[in-house]
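Enquirer: only the shape, not the letters, is given here:
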Ligand SMILES: O=C[C@H](O)COP(=O)(O)O
């Protein structure tokens with residue numbers, strides 16, 4: 001079903017609910033996603049092994065793999081050969097259509113290579129100077145190209161210690177979503193910077209608390225459509241902590257870095273969110 005039809009159906013459902021013709025229980029539940037961000041890791045051989053090792057038996061949870069750009073095409077071929085239910089995503093995209101942007105990749109090309117998602121605003125990209133305005137432009141470019149954006153937000157340890165988490169995260173998400181119309185296709189990822197690659201994951205309660213604040217802000221700002229936006233948690237998710245994070249009602253999936261490089265281990269994380 002294409003996105004226009006999905007959006008139309010969700011609009012009808014929302015109107016019916018707002019008119020109290022059905023109970024909220026009948027609103028379709030949010031999609032759940034487990035996303036692998038391979039960052040600057042993996043090669044052709046390890047990608048082949050990953051696809052062989054990954055066991056995805058259920059389909060309640062969308063499994064998105066975001067490889068380095070040169071691996072997108074071979075990964076797509078492997079997915080087709082193996083009839084795998086992997087969905088492919090990109091780690092970034094450019095806000096412009098095309099042009100003299102050395103080293104960058106356009107949304108159109110990513111779409112042509114079957115990328116259905118793109119990570120936008122990852123803290124490792126923000127650290128190189130990416131602004132909230134550029135992130136907002138990338139979100140719009142992704143949506144206009146038929147790619148669903150996975151927008152990352154998160155605070156530093158210093159900001160957490162100064163009780164600024166809510167202010168920082170809210171500011172980032174509202175700027176990323178400024179004038180964005182198709183919110184039902186947006187995915188958010190809460191990634192506390194202090195938890196990324198450190199082995200120091202947020203506890204399920206810490207993550208749940210921030211996710212609840214994000215949900216409240218989304219509902220207040222955008223209304224009922226905000227219920228459809230999945231909020232993933234990212235930051236040292238692994239085979240040991242995935243199940244306890246997945247139990248939390250406001251954690252709709254995970255964005256996984258280091259622990260996504262091994263197909264067998266990543267399968268365990270996926271099944272925790274199934
Ligand atoms: O995009 C993924 C996040 O940066 C988390 O990375 P990590 O699982 O290695 O902490």
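Expert: Cool, got the structure. None of the values given here were measured: they were computed from a predicted structure.

Enquirer: show me where the stretch 1-150 of the chain has strands.
Expert: 32-37, 61-66, 87-90, 115-120, 148-153 (DSSP state E, counting those that start in this stretch).

Enquirer: any idea which of those strands is most buried?
Expert: strand 148-153 (a mean of 26; mean count of other CB atoms under 10 Å). C-beta here means a position set from N, CA and C on the backbone, and glycine is covered the same way.

Enquirer: kindly calculate the angle that that one makes with strand 115-120.
Expert: With axes from the mean of the first three to the mean of the last three CA atoms, to 10 degrees defining the directions, strand 148-153 sits at 20 degrees from strand 115-120.

Enquirer: measure how strand 148-153 sits relative to strand 61-66, angle-wise.
Expert: If you take the same axes, to 10 degrees, strand 148-153 sits at 80 degrees to strand 61-66.

Enquirer: quick one: list the elements packing against strand 148-153.
Expert: strand 115-120, helix 132-145, helix 165-176, strand 187-190 (3 or more CB pairs under 8 Å, 6 or more residues apart in numbering; DSSP states H and E).

Enquirer: ok, residues contacting the second one?
Expert: The one in question is helix 132-145. Applying CB atoms under 8 Å, 6 or more residues apart in numbering, the contact partners of helix 132-145 are 92-97, 107-108, 110-111, 118, 120-121, 126, 148-149, 151, 171-172, 175-182, 185-186.

Enquirer: just to revisit the earlier point, reformat the strands of the stretch 1-150 of the chain as JSON lines; add distance to the ligand and mean pLDDT.
Expert: Formatted as JSON lines, these follow (distance: least, CB to the nearest ligand atom, whole Å; pLDDT from 0 to 100):
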{"stretch": "strand 32-37", "distance to the ligand": "3", "mean pLDDT": "98"}
{"stretch": "strand 61-66", "distance to the ligand": "8", "mean pLDDT": "96"}
{"stretch": "strand 87-90", "distance to the ligand": "11", "mean pLDDT": "98"}
{"stretch": "strand 115-120", "distance to the ligand": "7", "mean pLDDT": "98"}
{"stretch": "strand 148-153", "distance to the ligand": "7", "mean pLDDT": "98"}
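
Enquirer: residue in this structure nearest to the ligand?
Expert: Closest approach between the chain and the ligand, counting by CB to the nearest ligand atom: residue 257, at 2.4 Å.

Enquirer: how many neighbours does that residue have?
Expert: The number of residues packed near residue 257 is 22, by other CB atoms under 10 Å.

Enquirer: now do the contacts for the residue nearest to it when sequence neighbours are not counted.
Expert: Nearest non-adjacent residue to residue 257, counting by CB to CB, 6 or more residues apart in numbering: residue 37, 5.2 Å away. Contact analysis of residue 37 by CB under 8 Å, 6+ apart lists 66, 91, 119, 122, 234, 255-257, 260.

Enquirer: what residues does the stretch 101-250 of the chain put near the ligand?
Expert: 122, 191, 196-197, 234-237 (CB under 6 Å from any ligand atom).
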